[in-house]
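In: Mind folding the following:
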Amino acid sequence: MKTSHKLSSLLAWIGLTLVVAPQSLAGQGRLNLNKSGVFLKVSCEPGSPFQSIQSAIDAASEGDTIVVEPCIYHELINFQGKSITVRSEDPSNPAVVAKTVIDGEALYTSAVVTFDHQEGSKAVLDGLTIRNGWDGGIECFNSSPSVRNCVIENNGIPAFFLIGRSGIFCSGGSPQFLRCIVRGNSAERGGGIHAFDSAPLIEECFFYGNATSFFAPSEGGGGYFSSSINDLPGPLVRDTVFEGNWSHQGAGVYLDRVSARFDRCIIRKNHAVDKGGGIGAYDSTAEFLNCGIVENTGVFNGGGLYLVNDHSNLRNCTVAFNSTFPNYFTRGGGIFAIGSNQNRLSNCVFWGNEASEGPQIALYCIALHGTVQVDYCDMQGGSGGVASLGGATFLWGPGNLELDPLLLDGIHLKDISPLRNAGDPSFVPSSGETDIDGDPRVQEGRVDMGCDEL
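Out: Prediction:
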């Protein structure tokens with residue numbers, strides 16, 4: 001029997017070799033795929049065998065795929081430990097994702113989607129909109145599911161309350177979030193995502209317009225990553241944007257005693273009503289590589305970054321046009337580091353940041369000894385752009401410049417930028433390393449300064 005071109009394409013897409021029409025299954029809503037799983041269809045249409053997603057999950061077996069037709073499903077779902085896929089009809093089509101909705105109806109009983117039976121990466125949620133969960137959008141407890149192409153929006157209790165969970169809440173496990181949009185969520189901490197003792201992979205995601213309570217203490221409008229033990233492995237975040245988030249401290253991202261890595265991320269236009277407009281970090285060890293930290297505001301200190309007893313490093317990052325509130329006595333427009341910090345900044349750009357003291361960087365230390373080292377960086381005002389207060393040590397290393405970087409948009413360099421081939425001549429990129437745009441990190445024999453490689 002010849003197979004039509006459309007069916008061949010479908011089979012190639014889903015990687016299967018046999019399809020049986022659902023009509024042949026006596027209206028049970030099940031479509032045989034192969035020996036390892038079946039295809040269950042969820043529809044709002046009257047008479048459909050599965051009119052709720054949870055009913056299909058209850059009926060599913062390991063390896064099954066549940067395909068959800070566009071509709072608004074008013075329910076809360078739990079994967080129940082099953083290695084199954086729940087997806088929309090076309091997860092790569094934003095219009096389909098927007099019309100395939102699980103709405104929690106603001107029920108304060110559980111999150112809209114829950115993984116709490118130690119699910120692994122074969123538990124997949126793909127291409128749905130998750131919204132209106134007062135107890136959060138997605139919750140993972142000691143589980144490591146794969147969440148892809150989803151929109152997680154308008155979850156959590158409004159930000160002026162001091163309770164409630166986030167758009168995403170993780171406790172334990174190593175969940176994966178790929179190509180997701182997380183927007184308009186709120187919580188006490190981590191409006192977009194709150195990960196505790198968890199090591200999530202976050203890749204190609206967009207965290208926008210999330211918020212925490214405007215009252216202290218609240219941190220991490222976009223994301224809050226914390227651990228119960230110092231330097232417990234934390235998030236790996238790649239090719240992700242945190243923009244337009246609000247919080248008391250660390251409006252874009254807040255790190256609390258975690259080990260983390262951010263690569264090729266943009267942290268932009270976030271606003272903290274206290275400190276750390278873009279990033280806040282306490283007693284953490286993080287690597288920020290090839291990142292743009294730009295146009296963030298912290299009312300009092302640390303427009304770009306606010307670091308406390310922290311051991312984070314920045315390499316090939318652009319920290320530009322961040323600011324503190326102009327009518328207050330403020331410190332550290334780009335970075336404010338306080339306490340026993342040990343930070344190294346290399347191949348970075350610090351330009352256009354504003355504060356009344358230490359417009360680019362301010363260091364403050366009294367009882368504890370803190371050190372910040374700057375090598376091969378472009379610093380507006382040179383070493384005069386840095387304020388070292390108390391017992392803090394500022395090390396002005398080799399190769400630093402004081403030249404207009406000629407930034408196009410706060411992140412990218414003009415072709416005639418003096419930062420071209422001006423980075424550390426001994427720098428060797430890791431295998432496959434790229435800049436903020438995915439271009440090879442070294443193209444002309446010597447690395448550029450900042451997150452953009454010409």
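In: What does Gln360 show for phi and psi?
Out: With angles defined as degrees, to the nearest 10, Gln360 sits at phi -90, psi -50.
In: likewise Ile53?
Out: Backbone dihedrals for Ile53, given as degrees, to the nearest 10, come out at phi -70, psi -40.
In: can you count the residues close to it?
Out: Using other C-beta atoms under 10 Å, the number of residues around Ile53 comes to 22. Just so you know, the C-beta spots here come from the backbone N, C-alpha and C atoms, and that holds for glycine as well.
In: Which residues are in contact with it?
Out: When the contact criterion is C-beta atoms under 8 Å, 6 or more residues apart in numbering, the partners of Ile53 are 42, 66, 68, 73, 75, 77, 86, 102.
In: between those, which is closest to Ser186?
Out: Sorting the contacts of Ile53 by how near they are to Ser186, with C-beta to C-beta, puts Ile102 at the top with 18.5 Å.
In: Okay, and the closest one sits in which element?
Out: Secondary structure here is read from DSSP states H and E; on that basis Ile102 sits in strand 100-103.
In: Run through the neighbouring helices and strands of that strand.
Out: On a contact count with 3 or more C-beta pairs under 8 Å, 6 or more residues apart in numbering; DSSP states H and E, strand 100-103 meets strand 71-74, strand 129-131.
In: quick check: mean pLDDT across stretch 92-108?
Out: For stretch 92-108, the mean per-residue pLDDT is 92.
In: Could I get the buried residue list for it?
Out: Of all the residues in stretch 92-108, those buried under the rule 16 or more other C-beta atoms under 10 Å are 96-97, 99-104, 107.
In: chain center to that stretch: distance?
Out: Relative to the centre of its chain, stretch 92-108 is centred 20 Å away, using C-alpha atoms, centre = their mean, to the nearest Å.
In: Tell me the pLDDT of Thr427.
Out: Not quite, residue 427 is Phe, not Thr. Note for Phe427: predicted pLDDT of 96.
In: Contacts for stretch 393-406, please.
Out: Under C-beta under 8 Å, 6+ apart, the answer for stretch 393-406 is 320, 349, 351, 361, 363, 369-383, 386, 388, 413-414, 416-419, 422-424, 449-450.
In: Also stretch 199-210?
Out: With C-beta under 8 Å, 6+ apart, stretch 199-210 has contacts from 166-167, 170, 173-186, 191-193, 221-223, 233-246, 252.
In: For the buried residues of stretch 92-108, give me a markdown table that also has distance to Ser227.
Out: Listed next are those as a markdown table, based on distance: C-beta to C-beta, whole Å:
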| residue | distance to Ser227 |
| --- | --- |
| Val96 | 37 |
| Val97 | 32 |
| Lys99 | 38 |
| Thr100 | 35 |
| Val101 | 33 |
| Ile102 | 30 |
| Asp103 | 33 |
| Gly104 | 28 |
| Leu107 | 30 |
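In: quick check, nearest of those residues to Asn296?
Out: Val97 (29.1 Å).
In: Narrow the contacts of stretch 393-406 to those that are buried.
Out: Using 16+ other C-beta under 10 Å, the buried ones in the contacts of stretch 393-406 are 320, 349, 351, 361, 363, 370-380, 386, 388, 413, 417, 419, 422-424, 449-450.
In: Which of those fall in strands?
Out: 320, 349, 351, 361, 363, 371-375, 378-379, 386, 388 (DSSP state E).
In: hmm, back to that, out of the buried residues of stretch 92-108, which is nearest to Asp409?
Out: Val97 (28.4 Å).
In: Let me know whether the closest one touches Thr129 as I believe.
Out: Yes: assessed by C-beta atoms under 8 Å, Val97 is found in contact with Thr129 at 5.9 Å.
In: Report the set of residues contacting both of the two.
Out: For the pair Val97 and Thr129, residues contacting each of them under the criterion C-beta under 8 Å, 6+ apart are 150-151.
In: re earlier: closest to Val38 out of the buried residues of stretch 92-108?
Out: Ranked by distance to Val38 (C-beta to C-beta), the buried residues of stretch 92-108 are led by Thr100 at 20.1 Å.
In: got a list of what the nearest residue to that closest one once chain neighbours are set aside touches?
Out: Spatial nearest neighbour of Thr100, chain neighbours left out: Ser88 (4.0 Å); criterion: C-beta to C-beta, 6 or more residues apart in numbering. In this structure, Ser88 makes contact with 67-68, 70, 96-97, 100, 126-128, judged by C-beta under 8 Å, 6+ apart.
In: Put together a markdown table for the residues you listed, with distance to Tyr306 on each row.
Out: Output for the contacts of Ser88, formatted as a markdown table (distance: C-beta to C-beta, whole Å):
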| residue | distance to Tyr306 |
| --- | --- |
| Val67 | 46 |
| Val68 | 42 |
| Pro70 | 43 |
| Val96 | 41 |
| Val97 | 35 |
| Thr100 | 39 |
| Asp126 | 36 |
| Gly127 | 37 |
| Leu128 | 36 |
